[in-house]
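In: sequence and predicted model, in that order:
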Amino acid sequence: MKPFDPKTAKNGDKVCFSACDYVYTYVGHYPKQGYDGSVLMDQNNNLTFASNKFLYIPKTKRTIWINVYKNRHNACWYYETENEAVDKAHLLNDYIGTYPLEIEE
């Protein structure tokens, strides 16, 4: 998890506390709550306040596509879409296939 950065936060960003049991939607800075660094968050239309020093950005998952070759050392180029990966595949004798891979960022 990355620490929450109020300088780059935008409305709609996903935030959570250290355990990330619940993911909230960042609404905005709210200085009237009584302490510096207060933010307003939403979870299913329930607004809540928190100090931004306890917030984190949850990991996100996405799928990338890789072309796998039998006899090449650089067989792990990745692509954002399956079509792009297939288009870039070198259809030589050592091409095995194109496969999805889910990664966390």
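Out: Perfect, I can see it now. Because the structure is predicted, anything quoted here is derived from the model rather than measured.

In: by mean pLDDT, which helix or strand of the chain comes out lowest?
Out: strand 38-43 (a mean of 68; mean pLDDT, DSSP states H and E).

In: show me what contacts the residue positioned nearest the centre of the chain?
Out: Of all residues in the chain, the one closest to the mean position by C-alpha atoms, centre = their mean is Thr60, 2.7 Å from it. Neighbour list for Thr60: Lys14, Glu104, Glu105 [criterion: C-beta atoms under 8 Å, 6 or more residues apart in numbering]. Yep, even glycine has a C-beta here, placed from its N, CA and C like the rest.

In: top of those residues by number of neighbours, please.
Out: Sorting the contacts of Thr60 by how many neighbours each has (other C-beta atoms under 10 Å) puts Lys14 first, at 14 neighbours.

In: so where's the chain uncertain?
Out: 31-40, 42, 72-76, 92 (pLDDT under 70).

In: how about the strands in it?
Out: Here the chain has its strands, by DSSP state E, at 2-3, 14-16, 23-29, 38-43, 46-51, 56-57, 61-69, 78-79, 95-104.

In: measure Pro58 to Gly28 for me?
Out: Between Pro58 and Gly28 the distance is 19 Å, computed by C-beta to C-beta, to the nearest Å.

In: show me the domain layout of this protein.
Out: Using automatic domain parsing, the domains assigned to the chain come out as 2-57, 61-104.

In: who touches stretch 20-34?
Out: Residues outside stretch 20-34 that contact it (C-beta under 8 Å, 6+ apart) are 1, 6, 9-16, 38-43, 47-49, 56, 58-59.

In: for that stretch, buried residues please.
Out: Neighbour counts over stretch 20-34 (16 or more other C-beta atoms under 10 Å) mark Tyr24, Tyr26, Val27 as buried.

In: the first one pairs with what?
Out: The one in question is Tyr24. With DSSP bridges as the criterion, Tyr24 is bridged to Val15.
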